[in-house]
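Asks: For reference, the sequence and a predicted model appear below.
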Amino acid sequence: MKLVLIFGPQAVGKMTVGQELGKLTDLKLFHNHMTIDLVSQFFDYGTKAGKRLVSLFREEIFEEVAKSDLNGLIFTYVWAFDLKSDWDYVEKVCSIFEAKGSSVYFVELEADFDERLVRNKSPHRLEHKPTKRNIDWSENGLKNSMEKYRLNSFQGEIKRENYVKINNTNIPAEEVARIIKERFQL
């Protein structure tokens with residue numbers, strides 16, 4: 001069992017790279033909006049109920065996948081490196097898989113802000129993420145989170161052996177997925 005955690009700021013290409021990596025491997029993609037968009041049908045993600053349900057669904061899926069006979073999971077996440085709670089969350093997710101003997105791989109994506117603004121409006125993103133279809137709201141959230149949080153790590157901050165950081169500003173998702181597959185021999 002393998003867990004590939006793809007993280008980085010909004011609109012950096014986590015889901016798209018995850019989709020391409022899924023095509024190259026037998027790993028299933030679980031992008032973060034799968035639960036956010038489900039729960040948002042009932043409760044805004046920013047509410048206490050919305051956050052609780054997203055967390056609950058994700059944890060239950062992680063637990064079931066970790067003990068299944070699947071070969072692995074790709075999970076995408078926006079990690080605020082200046083929040084201890086995000087570090088704790090990542091550790092919790094990893095521990096669910098590692099407790100079952102799984103290998104965990106960290107893939108950090110970064111891209112120029114202007115490129116992320118373009119990607120934020122892409123038809124592919126909007127097709128797969130209904131809550132992002134309000135472009136003004138989505139773009140405002142992208143800008144605000146960048147000002148409020150640090151969404152990429154400092155050099156040397158992540159100590160895991162199975163870690164790669166890729167600036168994918170000018171690299172197609174298919175190529176990024178190939179790099180990840182080869183780097184970790186997935």
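Replies: Received, thanks.
Asks: Where do the strands of the protein begin and end?
Replies: Here the chain has its strands, by DSSP state E, at 2-7, 28-30, 72-77, 103-110, 163-167.
Asks: Would you format the ones you listed as TSV with distance to W137 included?
Replies: (Glycine included, C-beta is placed from N, CA and C.) Formatted as TSV, the strands of the chain follow (distance: least, C-beta to C-beta, whole Å):
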stretch	distance to W137
strand 2-7	22
strand 28-30	24
strand 72-77	20
strand 103-110	23
strand 163-167	27
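Asks: name the helices or strands packed onto the longest helix belonging to the chain?
Replies: The helix that spans the most residues within the chain, counting by DSSP state H, is helix 48-66. Identification of packing neighbours for helix 48-66 by 3 or more C-beta pairs under 8 Å, 6 or more residues apart in numbering; DSSP states H and E yields strand 28-30, helix 33-39, strand 72-77, helix 84-98.
Asks: what's the closest of these to E115?
Replies: Nearest to E115, of all the helices and strands packed on helix 48-66, is strand 72-77, at 17.5 Å by C-beta to C-beta.
Asks: From the contact counts, what lies against that closest one?
Replies: strand 2-7, helix 14-24, strand 28-30, helix 48-66, helix 84-98.
Asks: residues in contact with K51?
Replies: By C-beta atoms under 8 Å, 6 or more residues apart in numbering, the contact list for K51 reads Y45.
Asks: That one and L38: what is the separation?
Replies: Using C-beta to C-beta, to the nearest Å, K51 is found at 13 Å from L38.
Asks: can you check W87 too?
Replies: With distances taken as C-beta to C-beta, W87 is found 26 Å from L38.
Asks: for A66, same thing?
Replies: In terms of C-beta to C-beta, A66 sits 21 Å off from L38.
Asks: Between those two, which has more neighbouring residues?
Replies: When A66 and L38 are compared for neighbours, A66 comes out ahead with 21 against 13, by other C-beta atoms under 10 Å.
Asks: Give the full set of residues in contact with the more buried one.
Replies: 1, 3, 96-97, 99-100, 102.
Asks: so which of those residues is the most crowded?
Replies: With neighbours taken as other C-beta under 10 Å, the top of these is L3, carrying 25 neighbours.
Asks: quick one: contacts for that one?
Replies: For L3, the contacting residues are 66, 72-73, 75, 93-94, 97, 102-105, by C-beta under 8 Å, 6+ apart.
Asks: 7 Å - rerun?
Replies: Taking C-beta atoms under 7 Å, 6 or more residues apart in numbering as the criterion, L3 is in contact with 72-73, 75, 97, 102, 104.
Asks: Please identify which pair of those lies farthest apart.
Replies: The farthest-apart pair in those, when distances are taken by C-beta to C-beta, is F75 and S102, at 12.0 Å.
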